[in-house]
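return a 3D structure for these sequence lines:
(one chain, ligands or ions: 1)
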Amino acid sequence: MRGGFRQARDPVGAATIAGAKGGRGIGGLHRLADFAVEVFEGERLHRELASIRARAPVSHALFAGQPAILITGHQALAEAFRDNERFPPADAYRITIEPVQGVTFQTMEDEQHRLYRRLATPAFRSRAVDAMEQEGLARIAHELVDRLAGTRQADLAASFTHRVAFLVISRMLGIPAHREDVFRDWAVGFLEYPRDPEHSRRCAAQITDYLQPIIAQRRREPRDDVVSALVMADADGHHLTDEEILAHIRLLFSAGASTTTDALGNLLYALLSERERWECLLAAPAQRGNAIEELLRWETPVAVLPRLSAPRPVEFFGVGIPPATFCLFAIAAANRDPAVFDDPDRFDLERDSGKKLLSFGPGPRLCPGMHLARRQLTVALDVLMERLPDLHLLDVDAARPRGAILRGPARLPAAW
Ligand code: HEM
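Numbering: from 1, shown residues only. Prediction:
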């Protein structure tokens, strides 16, 4: 998901989204938290969500100063994710990202959503994606560790976690190595929408200028990359136009880059802030997959997902919701609901969450990138454990995950 919803670490952008009307809440005795503005470092977010969830599974909150609805209970959230009538999935994205990203299946509904999701499938499942998963991911992780040669300490956010996911997407697209850094800058800049619309538009235009000739070239001579697969995609005789291909490539960055970046940062925080977890996984590689599932439950990067309610008044779990109100899907709260998970605040390497995990948004919008995301986390962890087994954090507090919408560490000062 997510370009456009980075505002938890960026109050100005949040205000832009919702038109910031000031901090008045809707009734009630409790101070309402503003999930677009507050930083919620470390466990603070989870404590706040737990106390709200204990009162009711659906309640009131603020989003950039505006009254909003907050869904924290597991059962309520699982229902909300599948309820396209009361919580139409595309509406929020039409405001927060479509103006710069273009029209994609993310901002479509029903039949059209299904058709375009099929047309864009090669971006998530194709030979190029397979090849990336088989060898490309490990190569990227090794290259980034190679660049640390000769040093004993670094900010692993700047040098590793903030780079992997962008490189993965660039390589799937076939961007040449010498253009990767500048391409990453454009992608990061484009994700600044709506906080900095001008800069975001300039960066989106640069991505377009760069990719347009490549799309034309792949139409003439297809290769084994994602652009070629998108050019050739066919669903019931429908094909993607150049603009549609460009929009779906931008979508890969908005939905797939920051999410996986933050998941990787949270994974390193979870394992290194209590270093016996790291030691345990060093000794038991077979348990790493489970640790990643537990991370996605315990500190998921899309902690609170903003949706808009239907453009008419609706009711949900006894709460009346005015038309087109921001409804905050608190995945982080549902993933720690004690009605569903035993001892939910504990990071438990043995836990099996199975289908109860809501981190990839169950229902018709189930994340199509979840397989790639899980592989990235697994491979990155394997490479770090192999190459830097003595890795440890120099400043645990500085590495705490921050934010509520997208949530991850800003810095990971580490040594090895
Ligand atoms: C750990 C990493 C990730 C997490 C936690 C995550 C989470 C999510 C969630 C919660 C949704 C549902 C959004 C909604 O209902 O509005 C979603 C949708 C989506 N994700 Fe992911 N995602 C991750 C990685 C990725 C990656 C790597 C890609 C692409 C390469 C990706 C592409 C997408 C797309 C395109 C959608 C929109 C689906 C639709 O509208 O049908 N995601 N993701």
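
give me the distance from whichever helix in the chain runs longest to the chain's centre.
Secondary structure assigned by DSSP state H gives helix 242-273 as the longest helix of the chain. Relative to its parent chain, helix 242-273 has a centroid offset of 5 Å by Cα atoms, centre = their mean, to the nearest Å.

just the buried residues of it, please?
If you call a residue buried by 16 or more other Cβ atoms under 10 Å, then helix 242-273 has these buried ones: 244-273. C-betas here are computed from N, CA, C, even on glycine.

direction included, what does whichever strand or helix holds A68 pair up with?
Here A68, judged by DSSP states H and E, is contained in strand 66-71. Applying DSSP bridges to the sheet, strand 66-71 is found paired with strand 58-63 (antiparallel), strand 326-329 (parallel).

how about the CA coordinates for it, as CSV?
Extracted as CSV, the C-alpha positions of strand 66-71 are listed here (Å, rounded to 0.1, in the frame of the first residue of the first chain):
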residue,chain,number,x,y,z
GLN,A,66,-10.1,15.6,12.2
PRO,A,67,-12.6,13.3,13.9
ALA,A,68,-11.9,9.7,12.8
ILE,A,69,-13.0,6.2,13.7
LEU,A,70,-10.5,3.8,15.1
ILE,A,71,-11.0,0.0,14.7
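
next structured bit after it?
helix 74-81.

average pLDDT across that next one?
Taken as a whole, helix 74-81 has a mean pLDDT of 98.

residues contacting it, please?
57-58, 71, 86-87, 307, 316-317, 327, 329-331, 333-335, 337, 339-340, 356, 358, 361-363, 365 (Cβ atoms under 8 Å, 6 or more residues apart in numbering).

now the buried members of those residues.
Counted by 16+ other Cβ under 10 Å, the contacts of helix 74-81 give 57-58, 71, 86-87, 307, 316, 327, 329-331, 333-335, 337, 340, 358, 361-362, 365 as buried.

can you narrow the residues you listed to ones near the ligand?
361, 365 (Cβ under 6 Å from any ligand atom).

which stretches in the stretch 1-150 of the chain count as helices?
With DSSP state H, counting those that start in this stretch applied, the stretch 1-150 of the chain shows helices at 11-18, 44-55, 74-81, 91-96, 98-101, 110-119, 127-131, 137-146, listed in chain order.

could you do the stretch 201-350 of the chain as well?
Using DSSP H, counting those that start in this stretch, helices in the stretch 201-350 of the chain cover 226-232, 242-273, 275-283, 288-298, 331-334.

what about the spatially closest residue to A68 that is not a sequence neighbour, neighbour count?
Ranked by Cβ to Cβ, 6 or more residues apart in numbering and with sequence neighbours excluded, the top spatial neighbour of A68 is F326, at 4.0 Å. Applying other Cβ atoms under 10 Å, we find 23 residues neighbouring F326.

tell me how far F326 lies from L264.
28 Å (Cβ to Cβ, to the nearest Å).

how about the residues of the stretch 1-150 of the chain that lie near the ligand?
Near the ligand, when you scan the stretch 1-150 of the chain using Cβ under 6 Å from any ligand atom, you find 1, 89, 105-106, 117.
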